[in-house]
Every structure is written in C-alpha cells, then in structure tokens.
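# structure for the following, please:
(2 chains)
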Amino acid sequence: MHPTDADIIIVGGGPAGMAAAITAAKGGAKTVLLERGDFCGTKNMFGGAIYTAPTLEIYPDFIQEAPLERGLTRHSYALLGKQDGTIISYDNPKKSEYYDAYSVFRPKWDRWCAKKAEEAGAYIVPQILVEDLIKEDRKFCGIKTKDEEYRAKVIILADGVNSLLAKKHNLRPDIKPENVALSVKQTLSLPKEKIEDRFNLAETNGAVYTIMGGPMLEMTGLGFIYTNIDSISIGLGISLQDLNAAQKPPYEFLEELKNHPSIKPLIKDAEIKEYSAHLIPEGGWKKIPKLYHDGLMIVGDAAMLVNNVHWEGTNLAMFSGKYAAMTALEAIKKNDFSKNTLKLYKKMLEDSFVLKDLYSYRNVMNSIENNSKAFLGYYPQKINEFMETFTATDNIPKREKYRKFIIKALKERNLIKLASDGVKIAKIAGDAIL
Amino acid sequence: MNIDNLLAKVKYKPDNQSHLLPDNNICKTCNNRVCEYICPAKVYEWNEENKKLEVLFENCLECGACKISCPYKAIDWKYPKPNKGITFKDS
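Numbers count the residues shown, from 1 in each chain, chains lettered A, B, ... in the order given. Below you'll find the model as predicted:
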C-alpha cells in the first residue's frame, strides 16, 4: 500500500501514536504511522515505568511478551534536606500474576509496541520526518515530508511535547518556560544482586523513588530513581522557568543529587550507560489546546496530556490515541471528517480519567509553582530538622529542644503563612476530592 | 561531572549541517544567554572574540529547552534530518 491510500495518517510513533495505530488498524482502517527516529522509541525517554491496567487495554499480551525490566513493588518517598533526608517506603507485594507497574526502556518498549501495531495491520514507517501539514479549504487532509506529499482522511498528531506541526499551524499557544519541565536522566549499570540488596527487593521486584528537595530545594522539581534488571535510572525534572532562574545546567543538579548522602550509597560503583534529556508538559488542564480540528486530532504530549502530580503520561497518551482512533473510525463510517464528528474525541476524553483527572488537578501546578519555596523548600527542610531533633540523644531536655524547634520554625514562617499554606493544601485536596 | 564524559555515552549520527540556527544578530545583543546553561548537552557557547554563538549541534539531545527558554525566540529549532541525531538505547 502506498501511503496516499491511507484513511488515517499518524505523525509520531510514541505511546499515543501507536495506541492510535493499533486501534485504527484493528477497526479496519488503512493506517500509516510516520516516525522520525531510526525506529519507534529511539528519540524517546521517560523515568520510567508503564502502568499495567491502562497498558493492558491496548496491549493485552504485554506481560508475557514485552521487554519489561522489573515489576514495581517498593515505592519510596525521599524528602531531602541539604545533607540529610527522611525516606518513607511503601512495600506492596505482588498480589496477582501481574505487577501494578513495570520499569521499561522506551527504545525497547516502543519498538515492541510498533511490532504489535504492525501485527494489527498498521503500516509503521520509521525514518520519515513530517515537515508540514496539508490544509485545503480549511481542512487538514495530508502531510508533507521533504520530498513528498501524502494524503489521508484524518491526521492524528502525535508528534510529542515540542509538536512543531501544531506550532506551525497555530493549533496550540506558544509553550512558555513555566509550562514545561526539563528532565535529565542517567542510566547506570549495576549488577542485579547489588540492586536487589540495596533496594531490599526480591528477585524481579523493583523500586521507584520520588525525591523532593536536596539540590532542588525551593524549586518546582522532583527527582526519580527506577530500578531495572541490571541498571538504575536516576534523573530529575525541574520547571524550565526555575532552571532558567537558577543559571545552572540541569546535569549539575543531577550530579548533586547523585552525590547526596541519602542517594550516593544506592548507586555506588554504578557505571554510566546512557545520558538523556526530554521536556515534560507541565501546564495541565489549563494548557490543553483545542483537541480537534477539521480533519485532525491532537493526542499525547502534543496535547499536553500529562498528570504531573502522579507522574502519569504514557497512560494518558495511550488512551488519547485510542479515543482519537475510535473517533476516526466513526468518522470513516459516517464519511464526515469535520469538527462536528471529531468532537467525539474530546467527549470520550472528558468521560474518561484523562480529562477528569487533569480537571481535578487543574490548580495544583500553579499552587506548587507559586509556593515552591514553602512546599518544596521550607517543609522538606523542617521535616528533616524535626527528625534531627527527634533522633538526637544529647543531654538536652526534650521539652527544651521541641520549643527551640518550634520557635525557629515560626521565625522562618509565621503562623499566618502556615495557616495560609494549610488553606492552599486544603483547596488542592478539595479540588481533587469534592 | 564533565559534560563531555556524559555525552560520550550517547549514540549520535551527526549531520554535517546544523538543525539549530540561532539568529546571531539577536545573540550579539543578548545579555543573559540562557541557552548557555539551560542546554543539557552544553550545545551553545558564546565566542567573545568572534562575537558569535558557537553551536555544537552534533551534541544536541533534541529536547527543545533552548527554543522555549530563549527570551527573544532567536533560535530556529528543527529536528535533525531523519536518520540523523540521537539514538537512545537504554532510556
């Protein structure tokens, strides 16, 4: 088949694009996916882990077949001071034959997904860079590469966070530094047994760390560690706005995190295997662009569909791709590719966790950004100072020590501010629950 | 950590032309050059002698941070040609 015969052209072979390709091909549409990398996944990175429940919706066989690393059973939350740290861990042993989430490498995982999309009947064409969209009579109807034009009834734009095509056609507002985080990551080789010993893991089990503070104190940023079979992924993501203000390169923050006393022993003697960087959409619900146009739908990171609070992106991407493809199939059935039919895509997202969750969390990022000095500076430090006071045995009467701690804490942040922080946190919680 | 040691761990297929084109007329007048420290691959370096922003585009990790960070929108940022640029393996 020549791509000119396509019903649907999908631009970009990440989780959103490939979920769209599989759904469309299974539904009988002639589907072509174009990817700029050598193969799907080579330009992609994330923390990271994929989540079992949403992934099973698209890839029912992935647990048996896909290149998975470890099943995540241990979730640790590290609140780091400058040199000290308070870490709590939650162990959730495997309850069924599945783990709830698995660490994976995107180049391997995405490549496997592409194979499944091909098995479903989609044409996956790597090493093609789409340079423009074709628009006629105000309708999107095809794409342009350097030398050729291909036409289709529907275009699904899955070209990632930078979406140059959306930008070119003013399909979404210009991204500002406060709307994205820059993530850098190192993959570090470490023998399997050492990983299991250091992270207290049974064989095949895995650990994930969410890290606050440390080198990122007072900044809107989080660090992460994921264990793989014989390597560790360690990285951080910091708001581009805060990074610009800090005037310090992102890899230096990561180096400081690796050298933090709470983290350093975990990665001792681990060799750097790979270094990578990627932007993460951070704008949330308020920055979601118009999701459908005549002849075109936008999915995944290109549509800013990321839930930062829970580190969810691939699941929102996959579901958005799936719903866009279901909508395209409906449009083919009705032979109507206008906004009027494609608006079904938005309706499906609204009825699902994708837009429901993003709506619930619509104020969280703003609130954290505006209060990062308190939420990601003062409180992590106070928790560590309290732990220092609580754990020290030093011949000073306890009462005296607690009083000292409270007086110092109030000096740095008065009762009115503390109360106002409480109100802000209550408002965030209220948005999510009520 | 020397950034060169990190970049040595990344697999690239370099192009012979830059996909990153800063407008040097704007760069000349820029007084903060956020690109010099925001880039995770240290692609940009101001050459004071030649009054020119040097671009080590071969090291680009294709993240897009420079394009968004530049307050003057002075960087014409494209993806490298297909078959060029980074190929991640374990990320």
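# for the nearest residue to A:Glu118 once chain neighbours are set aside, what is the enclosing helix or strand?
Closest residue to A:Glu118 apart from its sequence neighbours, by C-beta to C-beta, 6 or more residues apart in numbering or on different chains: A:Ile124 at 5.4 Å. For every residue, glycine as well, the C-beta is placed using N, CA and C. If you go by DSSP states H and E, A:Ile124 is part of strand A:123-125.
# quick one: the strands in chain B?
Along chain B, the stretches classed as strands by DSSP state E are B:12-13, B:20-22, B:44-47, B:52-55, B:75-77, B:85-86.
# any idea where the helices of the stretch 101-250 of chain A begin and end?
A:106-119, A:164-168, A:192-198, A:240-246, A:250-258 (DSSP state H, counting those that start in this stretch).
# for those helices, give me TSV that also has mean neighbour count and mean pLDDT.
Listed next are the helices of the stretch 101-250 of chain A as TSV, based on neighbours: other C-beta atoms under 10 Å in any protein chain shown; pLDDT from 0 to 100:
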stretch	mean neighbour count	mean pLDDT
helix A:106-119	22	98
helix A:164-168	19	97
helix A:192-198	16	97
helix A:240-246	21	96
helix A:250-258	21	98
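# hmm, back to that, quick one: mean pLDDT for the strand holding A:Ile124?
Mean pLDDT, strand A:123-125: 98.
# buried ones in that strand?
The neighbour-count check on strand A:123-125 (16 or more other C-beta atoms under 10 Å in any protein chain shown) flags A:123-124 as buried.
# direction included, what does it pair up with?
Neighbouring strands of strand A:123-125 in its sheet, by DSSP bridges, are strand A:31-34 (parallel).
# could I get the strand it pairs with in PDB with only the CA atoms?
Provided in PDB are the C-alpha atoms of strand A:31-34 (Å, rounded to 0.1, in the frame of the first residue of the first chain):
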ATOM      1  CA  THR A  31      -3.500   3.300   8.900                       C
ATOM      2  CA  VAL A  32       0.000   4.700   8.300                       C
ATOM      3  CA  LEU A  33       2.200   5.900  11.200                       C
ATOM      4  CA  LEU A  34       5.300   8.000  10.400                       C
END
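# could you identify which of the strands of chain B is most buried?
Of the strands of chain B, the one with the most neighbours on average (mean count of other C-beta atoms under 10 Å in any protein chain shown) is strand B:85-86, at a mean of 24.
# what lies in contact with it?
A:42-43, A:276, B:10-15, B:19, B:60-62, B:79 (C-beta atoms under 8 Å, 6 or more residues apart in numbering or on different chains).
# redo that, cut-off 7 Å
Defining contact as C-beta atoms under 7 Å, 6 or more residues apart in numbering or on different chains, one finds that strand B:85-86 is touched by A:43, B:10-13, B:60-62.
# please indicate which of those residues are buried?
A:43, B:10, B:12, B:60-62.
# contacting residues around the residue nearest to A:Glu118?
Here A:Ile124 is in contact with A:13, A:21, A:33, A:35, A:40, A:114, A:117-118 (C-beta under 7 Å, 6+ apart).
# could I get those residues as CSV with distance to A:Leu254?
Below are the contacts of A:Ile124 laid out as CSV (distance: C-beta to C-beta, whole Å):
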residue, distance to A:Leu254
A:Gly13, 28
A:Ala21, 34
A:Leu33, 33
A:Glu35, 28
A:Cys40, 27
A:Ala114, 30
A:Ala117, 34
A:Glu118, 36
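# tell me the phi and psi of A:Asn162?
Listed backbone geometry of A:Asn162 is phi -80, psi -10, with angles given as degrees, to the nearest 10.
# can you tell me, leaving aside adjacent residues, what's nearest to it?
B:Gly64 (4.2 Å).
# wait, the one you found sits on A:Leu164?
No: using C-beta atoms under 7 Å, B:Gly64 is not in contact with A:Leu164; the gap is 9.0 Å.
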